[in-house]
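Visitor: sequence isn't available, so here's the structure alone:
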């Protein structure tokens, strides 16, 4: 069973994530598994947080603005306009 702190931090909107400082992100009991409605900057911040924790990162993106995060991630997956 997951602790409340871990369960509450598994899914977050990009707006919620963007409000956190690097120290706050690093202080989370567990890093996020899902961030919804991400901007390119949000994706870069999450990749950086994962790498600070020595984690492997896979990132998806469907537009040219996602190319920086797809390049920085350990695996970057570019998708078509419809997400396929």
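Guide: Structure's in. What do you need? A quick note: this is a predicted structure, and the numbers were derived from the prediction, not measured.
Visitor: for the protein, which helix is longest?
Guide: helix 40-52 (DSSP state H).
Visitor: report all helices and strands that that one contacts.
Guide: Using 3 or more C-beta pairs under 8 Å, 6 or more residues apart in numbering; DSSP states H and E, the elements in contact with helix 40-52 are helix 14-18, helix 22-26, strand 58-61, helix 67-72. To be clear about C-beta, it is placed using only N, CA and C from the backbone, and glycine gets the same treatment.
Visitor: what about 6 Å?
Guide: helix 14-18, helix 67-72 (3 or more C-beta pairs under 6 Å, 6 or more residues apart in numbering; DSSP states H and E).
Visitor: show me which residues of that helix are buried.
Guide: Within helix 40-52, the residues scored as buried using 16 or more other C-beta atoms under 10 Å are 40, 42-47, 49-50.
Visitor: over to stretch 25-42?
Guide: Buried residues in stretch 25-42 (16+ other C-beta under 10 Å): 25, 28, 31-32, 35, 38-40, 42.
Visitor: which one of these is nearest to residue 60?
Guide: residue 38 (9.6 Å; C-beta to C-beta).
Visitor: give me the element the closest one is part of.
Guide: According to DSSP states H and E, residue 38 maps onto no helix or strand at all.
Visitor: what's near enough to touch the closest residue in space to it that isn't next to it in sequence?
Guide: The shortest distance from residue 38 to any non-neighbouring residue, by C-beta to C-beta, 6 or more residues apart in numbering, is to residue 14 (4.7 Å). Residue 14 sits next to 35, 37-39, 42 when contact means C-beta atoms under 6 Å, 6 or more residues apart in numbering.
Visitor: and if we set it to 10 Å?
Guide: 35-39, 41-43, 45-46 (C-beta atoms under 10 Å, 6 or more residues apart in numbering).
Visitor: what of residue 54?
Guide: Contacts of residue 54 by C-beta under 10 Å, 6+ apart: none found.
Visitor: pLDDT score for residue 16?
Guide: For residue 16, the pLDDT comes out at 88.
Visitor: go ahead and confirm it touches residue 36.
Guide: Yes. Assessed by C-beta atoms under 10 Å, residue 16 is found in contact with residue 36 at 9.3 Å.
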